[in-house]
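**Student:** below: sequence and its predicted model.
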Amino acid sequence: AQSVTQPDIHITVSEGASLELRCNYSYGATPYLFWYVQSPGQGLQLLLKYFSGDTLVQGIKGFEAEFKRSQSSFNLRKPSVHWSDAAEYFCAVGAGNTGTASKLTFGTGTRLQVTL
Amino acid sequence: NAGVTQTPKFRVLKTGQSMTLLCAQDMNHEYMYWYRQDPGMGLRLIHYSVGEGTTAKGEVPDGYNVSRLKKQNFLLGLESAAPSQTSVYFCASSQTRPGPGGYTFGSGTRLTVV
């Protein structure tokens, strides 16, 4: 069964500092990987996704993530954090084949706080 | 705006009451999902549907039922609400396989069972 681990429950960074949110997944084949962001009281918005090809993917709002198969990781990064990036971030993994429904399994989330 | 609409946004139920949450999407997506979100547990899949007239159990289906009579609608029912079902419920939809194109989420329903 597929699973996702986000080891950091809560991270605080200063505005303008760089950010890296960790995500480790478990899946037997090639996974589809996603990062979503959730602002308080809102639904989840897709930041970026990885299916295949270039292992460094660019997303919205200046975010990027790198797929590292050898480490089973898909960490999210941003060079300079803005106060508006304060939110909860979820990593998710989906089946990378056509044999199953496209269910996503989500991590438990990382809450990002940005100090001014 | 196109997307996923959830109704209602908030609800308070008494233990033992029943209710139905409605999810509607206008993107012609085949797949629809119901998740619940609880603090420290992320999102857990309750039920999902891979097309009109189909439903399947997810990770935490007990105490819930679903129906997909029309392609654009996915209903989640609680027959006899329990305090453990206090949660935020999210509906999502996606295009058909191969591979998920990512989900489009609704804005959520906050349910409190007292």
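**Tutor:** The structure has been received and is ready for your questions. Residues are numbered from 1 along each chain as shown, chains lettered A, B, ... in the order given.
**Student:** so A:Phe63 versus B:Ser94, what's the distance?
**Tutor:** 21 Å (C-beta to C-beta, to the nearest Å). The way it works is simple: take the backbone N, C-alpha and C, and place the C-beta from them, glycine included.
**Student:** quick one: low-confidence residue ranges for the chain.
**Tutor:** Here I'm looking at chain A. A:96-102 (pLDDT under 70).
**Student:** actually it's chain B I care about, not the one you picked
**Tutor:** B:1-2, B:96-101.
**Student:** quick check, central residue of it?
**Tutor:** In chain B, the centroid-proximal residue (C-alpha atoms, centre = their mean) is B:Trp34; its distance is 2.7 Å.
**Student:** mind checking the SS state of that one?
**Tutor:** Judged by DSSP: H, G, I helix; E, B strand; the rest coil, the three-state class of B:Trp34 is strand.
**Student:** isn't it up against B:Val66?
**Tutor:** Yes - B:Trp34 is within contact range of B:Val66, at 6.5 Å (criterion: C-beta atoms under 8 Å).
**Student:** give me the common contacts of these two.
**Tutor:** Common neighbours of B:Trp34 and B:Val66, using C-beta atoms under 8 Å, 6 or more residues apart in numbering or on different chains, are B:Ile46, B:His47, B:Phe74, B:Leu76.
**Student:** top of these by neighbour count?
**Tutor:** Highest neighbour count within the shared contacts of B:Trp34 and B:Val66: B:Phe74, with 30 neighbours (other C-beta atoms under 10 Å in any protein chain shown).
**Student:** the nearest residue to that residue once chain neighbours are set aside and chain A, how far apart?
**Tutor:** Spatial nearest neighbour of B:Phe74, chain neighbours left out: B:Met32 (4.0 Å); criterion: C-beta to C-beta, 6 or more residues apart in numbering or on different chains. For B:Met32, the distance to chain A equals 11 Å [C-beta to the nearest C-beta, to the nearest Å].
**Student:** tell me, how many residues neighbour B:Met32?
**Tutor:** So B:Met32, with other C-beta under 10 Å, has 29 neighbours.
**Student:** so who does it touch?
**Tutor:** The neighbourhood of B:Met32, defined by C-beta under 8 Å, 6+ apart, consists of B:Cys23, B:Gln25, B:Tyr48, B:Ser49, B:Arg68, B:Phe74, B:Cys91, B:Ala92, B:Ser93.
**Student:** let me see the contact set for the fifth one.
**Tutor:** If I follow you right, that is B:Arg68. When contacts are counted by C-beta under 8 Å, 6+ apart, B:Arg68 touches B:Met32, B:Ser49, B:Gly51, B:Glu52, B:Gly53, B:Thr54, B:Thr55, B:Phe74, B:Leu75.
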